[in-house]
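Undergrad: Mind folding the following:
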Amino acid sequence: MCPSIPLSASPDPAPAKADDARHTRVLAALQAALGPRVVQAPADFAGRKHADSSRMPCEEPIALVRPSTTEEVATALRICFEHDQAVVTQGGLTGLSGGACLREGEVALSLERMRGIEDIDAVSATMTVLAGTPLQVVQEAADEAGFLFPLDLGARGSATIGGNLATNAGGNRVIRYGMMREQVLDVEAVLADGSVIGGRHRMIKNNTGYDLRNLVIGSEGTLAVITRAVLRLRPRPTAVSTAFCGLPSYEAVTTLLRRGQAVLPAGVSAFEVMWPSYYDFVTTRMAGLRAPLPDRHAFYVLLESSGSDAARQGEAFESFLGEMLEEGLVEDAAIAASEADTQAFWAIRDAPSEYQKYIPGRVSFDISFAISEVGEAAVRCEAALRARWPKATILVYGHLGDGNIHIVVQEPDWPAHTSKEVQQVVFEITGAMNGSISAEHGIGLKRKHALGLSRTPVEIAAMQAIKRALDPKGLLNPGKIFG
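TA: The predicted structure follows:
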């Protein structure tokens, strides 16, 4: 009779040893082809940060690859493809969904050295940049050239263009200019086997078959590694009018948006809505912020209109707000009289960058609905959360012009497992109202369990088929989005 195996017996070490041997071969092959300047072993990058801003678990990579050219990226991916080695691409590590986090036994491919502006075509209004270039660098270069690159978000100094593309970033001015995919004419990207696609076209119209550019954008590094982009520049506004408004109801908020888009000569370039929970919290708890309005209101709106006719713009903006005040759609408004006023208004909306200090252990949501249903969605989510966690801090705010709201929930000293319960409450309401569980930060690791609430089984199967076609071995950012 064979002896029984004790429950505490160690697993067969053979698979682990096989993986260790393969990892050694991969590291050796990468270093032989690219050199130690590009490829580092764990001993060489000890203490380096690898996790993004999602607070998701992140392992140390078996190798860190930091290429400077598309050719080096292609070489690295070809070698990893030959050795069946998984690769995770990393940019500025500002993502909030765990899309750049590593699992055990993966290679980290950082594009931090692939930065720089290669060309600005003033006639075509385009800028060609490398994927590791920080967003703020692009914004400043566009401004210096007399243009605007309209994508803007709080992490502008660290977030990279490649990361913005990989997650199809949104930000503050989607209402006027659209998401990141609307700011790009072409992308160069390297497929899993090292093949290179795109990056040559600077025209708006290009109807030649499948749009591989838009397929790669928003794919979170699971289909290809974006290495270069041809960005679309816009005329730089010379007149910007900003106001902080207090409103009596959600209906008044949507009416103000609709009327502003129709009446203001330059339209609406930003429309940020804050519920009292958010406004009261940041203006009373966070240092350096002051309340622009003296009285309490049901809703607060940061309204911006940017155009090119300074004289007409200011007059029309003040006249419009005067009409809104007379009609009672706006109860009170403060118009920025200087750049300092504008920055003070925006500082209230940008306060989430300080959350870690004031709201540790928070659970945050980035969800979207039809604009007409955002008010109801916020009420339902807050009521359901409050019923379960009556003492919780619940903050609601968002980019209402594109239906995107953020909900932040935190209760002091709640158990670690509560995060999943909070997500279930909000995501189930989002799914029931045909909303999106991720408006602008992607799925990554953090939201993949809830993907089926916003996508049908047929849609998910179609995405998986695309993944298999472009990455047949499943080596690019494995485990993200749906598996």
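Undergrad: quick one: the strands in the stretch 151-300 of the chain?
TA: For the stretch 151-300 of the chain, the strands defined by DSSP state E, counting those that start in this stretch cover 184-190, 196-198, 225-232, 234-235, 239-247, 270-274, 299-307.
Undergrad: can I get those strands in CSV with distance to R386, mean pLDDT and mean neighbour count?
TA: No exception for glycine: its C-beta is placed from N, CA and C like everyone else's. Conversion of those to CSV gives the following (distance: least, C-beta to C-beta, whole Å; pLDDT from 0 to 100; neighbours: other C-beta atoms under 10 Å):
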stretch, distance to R386, mean pLDDT, mean neighbour count
strand 184-190, 41, 97, 25
strand 196-198, 48, 97, 18
strand 225-232, 42, 98, 27
strand 234-235, 42, 94, 14
strand 239-247, 23, 96, 23
strand 270-274, 18, 95, 25
strand 299-307, 19, 95, 24
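Undergrad: mind checking which of those strands is nearest E318?
TA: strand 239-247 (8.1 Å; C-beta to C-beta).
Undergrad: what's the angle from the closest one to strand 299-307?
TA: Angle of strand 239-247 versus strand 299-307, following axes from the mean of the first three to the mean of the last three C-alpha atoms, to 10 degrees, is 160 degrees.
Undergrad: Given strand 239-247, what are its sheet partners and their directions?
TA: On the basis of DSSP bridges, the sheet neighbours of strand 239-247 come out as strand 299-307 (antiparallel), strand 332-335 (antiparallel).
Undergrad: immediately after the last one, which helix or strand?
TA: Once strand 332-335 ends, the next helix or strand along the chain (criterion: DSSP states H and E) is helix 339-349.
Undergrad: quick one: low-confidence ranges for the protein?
TA: Low-confidence regions of the chain, defined by pLDDT under 70, span residues 1-18.
Undergrad: Kindly list the longest helix within it.
TA: The single longest helix within the chain, with elements called by DSSP state H, is helix 14-34.
Undergrad: Give me the nearest residue to Q40, chain neighbours excluded.
TA: Ranked by C-beta to C-beta, 6 or more residues apart in numbering and with sequence neighbours excluded, the top spatial neighbour of Q40 is L64, at 4.6 Å.
Undergrad: re the thing from before, can you tell me which of the strands of the stretch 151-300 of the chain is nearest to E59?
TA: When the strands of the stretch 151-300 of the chain are compared for distance to E59 using C-beta to C-beta, the nearest one is strand 225-232, at 19.7 Å.
Undergrad: for that closest one, packing partners?
TA: helix 70-82, strand 126-130, helix 161-166, strand 184-190 (3 or more C-beta pairs under 8 Å, 6 or more residues apart in numbering; DSSP states H and E).
Undergrad: follow-up on the earlier one: how much distance is there from the longest helix of the chain to the middle of the chain?
TA: With C-alpha atoms, centre = their mean, to the nearest Å as the basis, helix 14-34 stands 33 Å off its chain's centre.
Undergrad: And for P390, the neighbour number?
TA: Residue crowding around P390 was assessed by other C-beta atoms under 10 Å; the count is 8.
Undergrad: and if you look at the one 5 residues further on?
TA: For L395, the number of neighbouring residues by other C-beta under 10 Å comes to 25.
Undergrad: what do you get for the one 4 residues further on?
TA: H399 is flanked by 23 other residues according to other C-beta under 10 Å.
Undergrad: most neighbours per residue, which of the helices and strands packed on strand 225-232?
TA: Across these, the average number of neighbours (mean count of other C-beta atoms under 10 Å) peaks for helix 161-166, which reaches a mean of 31.
Undergrad: what comes into contact with that one?
TA: Outside helix 161-166, the residues that touch it by C-beta atoms under 8 Å, 6 or more residues apart in numbering are 89, 91-92, 94-95, 99-100, 111, 114, 129-135, 138, 151, 169, 180-181, 184, 187, 216-221, 226-227, 229, 231, 442.
Undergrad: So F45 is in contact with L64, correct?
TA: Yes - the pair formed by F45 and L64 meets the contact definition of C-beta atoms under 8 Å, at 4.9 Å.
Undergrad: between those two, which one's more packed in?
TA: More crowded of F45 and L64, by other C-beta under 10 Å: L64, with 21 against 17.
Undergrad: State the distance from A347 to N206.
TA: Between A347 and N206 the distance, using C-beta to C-beta, to the nearest Å, works out to 40 Å.
Undergrad: who's more crowded, these two?
TA: The residue with more neighbours, out of A347 and N206, is A347; 16 against 12, by other C-beta under 10 Å.
Undergrad: Just give the closest residue to the more buried one, not the sequence neighbours.
TA: L289 (6.0 Å).
Undergrad: Look at that neighbour and say how many residues are nearby.
TA: Under the neighbour criterion other C-beta under 10 Å, L289 is assigned a count of 16.
Undergrad: close enough to count as contact, it and A351?
TA: Yes - distance between L289 and A351: 6.5 Å, which falls inside the contact criterion (C-beta under 8 Å).
Undergrad: list residues touching both of those two?
TA: Between them, L289 and A351 share these contacting residues under C-beta under 8 Å, 6+ apart: V282.
Undergrad: Off-centre distance for stretch 231-244?
TA: For stretch 231-244, the distance between its averaged C-alpha position and the chain's averaged C-alpha position is 21 Å (C-alpha atoms, centre = their mean).
Undergrad: All the helices of the chain, residue numbers only.
TA: In the chain, helices defined by DSSP H lie at 14-34, 70-82, 135-144, 161-166, 174-177, 212-216, 250-263, 276-285, 310-327, 339-349, 355-358, 374-388, 418-432, 457-470, listed in chain order.
Undergrad: which residues touch the second one?
TA: So that's helix 70-82. 26, 29-30, 33-34, 38-39, 65, 67, 85-87, 107, 109, 111, 114, 188, 190-196, 225, 227-228, 473, 475.
Undergrad: Next, the angle from it to strand 225-232.
TA: Helix 70-82 and strand 225-232 are oriented at 140 degrees to each other (the same axes, to 10 degrees).
Undergrad: What is the longest helix of the chain packed up against?
TA: For helix 14-34, the packing partners by 3+ C-beta pairs under 8 Å, 6+ apart come out as strand 39-40, strand 63-65, helix 70-82.
Undergrad: Sweet, I'm off.
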